Structure formats: C-alpha cells, structure tokens
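Asks: predicted coordinates and the sequence they were generated for:
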Amino acid sequence: MTPTFSADTVDAISLLVVTPDTLDDTLAHLPETEAAWARSLGFTAKSGSVAALPGQGGKVSRALVGLGNAGARRRNRFAIAAAAATLPEGTYRLESNLGVEELNEAALGWLLAGYTFDRYAKKDAPKARLIAPEGVDAARIEAIAAGEFLTRDLVNTPSSDMGPGELEAAARQLAETFGASISVTLGDDLLAQDFPMIHAVGRASTRAPRLIDLGWGNEGPSLTLVGKGVCFDTGGLDLKSAATMALMKKDMGGAATVLGLARMIMATAQPIRLRVLIPAVENAVSGNAFRPGDILKSRKGPTVEINNTDAEGRLVLADALAFGSEADPDLMISMATLTGAARVALGPDIAPYFTDNDSAATAIAKAGQAARDPVWRMPFHDPYEALIEPGIADLDNAPGGGMAGAITAALFLRRFASVPYAHFDIFCWQPTAAPGRPKGGVGQGARALFEALPDLLNL
C-alpha cells in the first residue's frame, strides 16, 4: 500500500473545516437547503465530526468536518483525519484558513488514516481521497506516511511470519529500493565477529540470530540508528505470563521504527550518511538458552550479570551500540520497546527519550510538537549508575528494587555508546483506534526525529 494524495482535481468536493466559533458563519454562507441539512444532522463542529451535504443526483455537494474548540484541539490529534474514514467515496479539497502547521497535520493525518493491514483478512480502505492542500510539501508528507506504513506492517505481522530472517528480508528489500548497501552477520558467525551478547540471547531459537547492517549515502554528517529486533520475546527462562506474552510480536518495534525512519530519510534524499544496525533475535527457551545468574562478556568488554533473561533487549542493543560507536558517527540513536516502566511513567502514547545534550533535547521536543509525534525527555540520572553495578560483574542487566526501570535501562545502554547518543523507549502499539492511528502497530519518535534532523545534524 502506497500512501498518496489524489492528483484528480476534476469534480473535487469542498471539505470545509469548521470550529464551534465559526459554525454559524459557515452555515450562513451555504445554500439554505445545505445549511438546513447540516442542522438536521446535529452537526456542531465537534472534533472529528463530519457532515456530508447532498447535492444534485444524490451526490455530495460539499462536506463539513469539525475541528472542535481549543481544548479539543489540544486533546485530539489528526481530528480532520476522522473525515477520511467516514466520508463517501470521492476526491476532496480542503477549504480552510488553517496555518501551515495545521495543514501539514491535516494532510499527514489523512494519509495515515488510509492505512489498513490486510495481509490475513480483507479490509476495505477508506475511499475518500484528498488533494494535497496548497502550501504543504506533498512529496515529503507522502514519504513520512510511507515510512510509517512500513513500520506498522512490520509490527502487525505475527512472529510466525516475522522472525529474524523475515526482518532481514524487509531490510534487504528497503536497501534494494533505495540503492543502499546491506550486510548480515549470522548465527555462530556472531561469536567469530565478537557479538557475544546478541548470540547469547538468540541462540536458543531455531531461527538464527543475526546483526543487520544497512548503509546509505556518501556525503554529509553521519547518523547511526540502532533498533531492537527481538522478533518474539518469551522472556527466556524467566518466562513471561500468557498475558504479557500476547503482544510480544511487537518487541521488534524498535527495528521496525528505525527502518521506517530510514525510509523517510532515503526517500527524501537527506544529505547525510545513514547507517542502520538491527540485532535481530528471538528470545526463546531450549536447553542452550542463557540463564539467570550467567555472566556474559560484551563486545565492548564489560561483563554483564544476567539477573533476568526477560531483560534481553538491552543486551543485544549493547553489542550493536558498541559496534556502531567504532565508526565514530556524529550521532547515534537507539529505539526499542524496552521497559514496562516507561509505559507506567508516560502511558502508551508518549515516547520517552534520553540524551545528555540539552540542545538536541530541545530540538527533539520542538520537532515532536510540529510533527504531532509526542515525546518527553527523561534523565540520564547519574546517581542511579550504582543500581546497574552488581559487584560480581561490571553490570547488572536487571537491577532489583522495581524503581526507575526506564532510567536504569537507558544508563545501561549509555555505557556502550561512546559517541553523541540518544535513546527512545517506545511502545509501538495503539491500544484503541484514533484518527490517523488504527488499533495495532504504530511508529513512535520517528517523525519527531525526522523533523529534528536539520538541528540534530546541522544540515
């Protein structure tokens, strides 16, 4: 599925954006029959509400979409996108006095609302098409939506069809599309190439662990994206319950998100040198599974005591971060569905991020608002470093006590990143449907980072 705006401007239907404050004036300028119809429908310009007004021959003459009052606009992203799912088939032209930022939100939300995951069951996509509003960069918005669609497809696919090999295949297809290079270190070669923790986490599965390494671009500042690719997480010998295992197909959401972000970057020909590293594994149970109490040596050198085999994502990321740092990129970013603590702190909709760089933090926060991709800075709180130092080894992968779990996980990862670094602890799942965001897999943080690239890399 390729998200695109309509190029057909013939017989386009006007879509008027209305707020409660402008409703009376809008209706006063409509033909009386249309205004009466809108009133009979009880249209009050509530956020996301839609009224299709009848014209000749049963066709839609024009349509109204409610934006809501100021409070509703703060609470509801992509309100205009609700029209995409409810309007009759046709091509619509947005008529409004919205600012550029609001027009960008409307245009992106409309494309995102067109997503359906129909690999296993037929589903009808919305049939209302939108002409790109005047003043927006249509090609850029289409590229952002396409990157998000890739992320959603990967996360929504069950692990029976999205193991480490299938994740590699998706990365290879992306590389082929944009002329990127790709190499993969597989199975026992991980030990030979000094990725011991990636190997340890993935060795119990019948599907071989691997490190995927994609590169694109020859000029400009260098950006390395590292995505957690745990294609299914049983918890290992510290086995998850059935309830907590149910959504573990999404534990490769970090990998899916960095691939979606990479697609945005390559499709818009950003002037950077991009690298994507994905440790792709399945955390399974068998006779050779790594055990609680084991001590693993990392690629970088520090030893790690395993106090919980269900804290495996930070282990595979650690080897990848150490490897990525060896090339000395200008910026390295990890994205991972890493901790339940992050969800307790911020819920499913907000992506916490960690960075020591105040200017980078400000740029990401500002970009998140502009891209309607909510993020929130969390601290690399140095006094908590003692919590990840167990004594018997250099590091503890799962400190006890139950406090500051997202922060201690981020501090663990920071030990392996010896370059400018930021980390995103994302959820990658939309629990209930919302405008522009069907229930299921979703990208988080990618649009904020894409918007922030000029400031982060001085482009």
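Replies: Nice, I can see it. Just so you know, these numbers come straight off a predicted model, no measurement behind them.

Asks: could you verify my assumption that residue 84 touches residue 114?
Replies: Yes. Residue 84 lies in contact with residue 114 (C-beta atoms under 8 Å); the separation is 6.3 Å. To be clear about C-beta, it is placed using only N, CA and C from the backbone, and glycine gets the same treatment.

Asks: what do the two both touch?
Replies: residue 126 (C-beta atoms under 8 Å, 6 or more residues apart in numbering).

Asks: buried stuff in the lengthiest helix in the chain?
Replies: As assigned by DSSP state H, the longest helix anywhere in the chain is helix 138-156. Across helix 138-156, burial judged by 16 or more other C-beta atoms under 10 Å covers 138, 140-156.

Asks: just stretch 24-38 next, same as before
Replies: In stretch 24-38, counting by 16+ other C-beta under 10 Å, buried: 26, 27, 30, 34, 35, 37, 38.

Asks: how long is that stretch from one end to the other?
Replies: 11 Å (C-alpha to C-alpha, to the nearest Å).

Asks: avg pLDDT for it?
Replies: Summarised as a single mean, pLDDT over stretch 24-38 is 94.

Asks: do stretch 41-58 as well
Replies: 91.

Asks: do the same with stretch 104-115
Replies: 96.

Asks: just to revisit the earlier point, C-alpha coordinates for the longest helix of the chain, CSV please?
Replies: Taking C-alpha atoms only, helix 138-156 is exported to CSV below (Å, rounded to 0.1, in the frame of the first residue of the first chain):
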residue,chain,number,x,y,z
ALA,A,138,3.2,16.7,-0.6
ALA,A,139,6.2,14.6,-1.5
ARG,A,140,7.7,14.9,1.9
ILE,A,141,4.4,14.0,3.6
GLU,A,142,3.9,11.0,1.4
ALA,A,143,7.4,9.9,2.3
ILE,A,144,6.7,10.2,6.0
ALA,A,145,3.4,8.3,5.7
ALA,A,146,5.1,5.5,3.6
GLY,A,147,7.8,5.2,6.4
GLU,A,148,5.1,4.9,9.0
PHE,A,149,3.2,2.3,6.9
LEU,A,150,6.3,0.2,6.7
THR,A,151,6.7,0.3,10.5
ARG,A,152,3.1,-0.6,11.0
ASP,A,153,3.2,-3.5,8.6
LEU,A,154,6.3,-5.0,10.3
VAL,A,155,4.9,-4.6,13.8
ASN,A,156,1.5,-6.0,12.9
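
Asks: quick one, longest strand in this protein?
Replies: strand 273-283 (DSSP state E).

Asks: from the chain's centre, how far out does that strand sit?
Replies: 15 Å (C-alpha atoms, centre = their mean, to the nearest Å).

Asks: packing partners of it?
Replies: helix 164-178, helix 196-202, strand 210-216, strand 222-227, strand 229-233, helix 253-267, helix 313-325 (3 or more C-beta pairs under 8 Å, 6 or more residues apart in numbering; DSSP states H and E).

Asks: pick the most buried one from the ones you listed.
Replies: Greatest average neighbour count among the helices and strands packed on strand 273-283 goes to strand 229-233 (a mean of 29), per mean count of other C-beta atoms under 10 Å.

Asks: between that strand and helix 313-325, how big is the angle?
Replies: 170 degrees (axes from the mean of the first three to the mean of the last three C-alpha atoms, to 10 degrees).

Asks: pull up the pairing partners for strand 229-233, direction included.
Replies: strand 273-283 (parallel) (DSSP bridges).

Asks: and the strand it pairs with with helix 253-267, angle?
Replies: Using the same axes, to 10 degrees: strand 273-283 against helix 253-267 is 160 degrees.

Asks: show me this protein divided up by domain.
Replies: For the chain, automatic domain parsing gives the domain ranges 13-136, 142-457.

Asks: worst-scoring helix or strand of the chain, pLDDT-wise?
Replies: The weakest-scoring helix or strand in the chain, judged by mean pLDDT, DSSP states H and E, is helix 70-75 (a mean of 86).

Asks: what residues sit buried inside that helix?
Replies: residue 72.

Asks: kindly report the same for stretch 378-394.
Replies: 378, 380, 384, 387, 388, 390, 393, 394.

Asks: quick check: the farthest pair among these?
Replies: 378 and 393 (25.6 Å; C-beta to C-beta).

Asks: returning to that earlier point: quick one: closest of the domains of the chain to residue 1.
Replies: domain 142-457 (6.1 Å).

Asks: and the average pLDDT for the closest one is what?
Replies: Per-residue scores along domain 142-457 average to 97.

Asks: quick one: end-to-end length of it, please.
Replies: Start-to-end, domain 142-457 (C-alpha to C-alpha) is 23 Å.

Asks: before we move on, the earlier item: show only the entries of the buried residues of stretch 24-38 found in strands.
Replies: Per DSSP E, the subset of the buried residues of stretch 24-38 in strands is empty.

Asks: tell me the one among the residues you listed nearest to residue 176.
Replies: Distances from residue 176 to the buried residues of stretch 24-38, taken by C-beta to C-beta, are shortest for residue 26, at 49.2 Å.

Asks: report the beta-bridge partner residues of the residue lying closest to that closest one once chain neighbours are set aside.
Replies: Leaving aside its chain neighbours, residue 26 sits nearest to residue 18 (5.1 Å; criterion: C-beta to C-beta, 6 or more residues apart in numbering). Beta-bridge partners recorded for residue 18 (DSSP bridges): residue 66.

Asks: what's the spacing between residue 18 and residue 282?
Replies: 50 Å (C-beta to C-beta, to the nearest Å).

Asks: kindly report the same for residue 76.
Replies: 38 Å.

Asks: higher neighbour count, these two?
Replies: residue 282 (24 against 18; other C-beta atoms under 10 Å).

Asks: for the closest residue to the more buried one other than its chain neighbours, give me phi and psi.
Replies: Using C-beta to C-beta, 6+ apart and skipping residues adjacent in sequence, the residue nearest residue 282 is residue 205, 3.9 Å away. Taking degrees, to the nearest 10, you get phi -80, psi 150 for the backbone angles of residue 205.

Asks: and the buried residues of stretch 378-394, which of them are in helices?
Replies: Among the buried residues of stretch 378-394, no member falls in helices (criterion: DSSP H).

Asks: just give me the closest of the residues you listed to residue 425.
Replies: Using C-beta to C-beta, the buried residues of stretch 378-394 come closest to residue 425 at residue 378, 7.8 Å.

Asks: now the closest one. Nearest residue, chain neighbours left out?
Replies: Using C-beta to C-beta, 6+ apart, the closest residue to residue 378 is residue 352 (4.4 Å).

Asks: quickly find the element holding the one you found.
Replies: strand 351-355 (DSSP states H and E).

Asks: please spell out which residues along whichever helix or strand comes after that strand are buried.
Replies: In the C-terminal direction, the helix or strand that comes right after strand 351-355 (DSSP H and E) is helix 358-370. Buried residues in helix 358-370, counted by 16+ other C-beta under 10 Å: 360, 361, 363, 364, 365, 367, 368.

Asks: OK, contacts around the closest residue to the fourth one other than its chain neighbours?
Replies: Of all residues beyond its chain neighbours, the one nearest residue 364 is residue 452 (5.0 Å), with distances taken as C-beta to C-beta, 6+ apart. Remark: with contacts taken as C-beta under 8 Å, 6+ apart, residue 452 is in contact with 360, 363, 364, 366, 367, 368.
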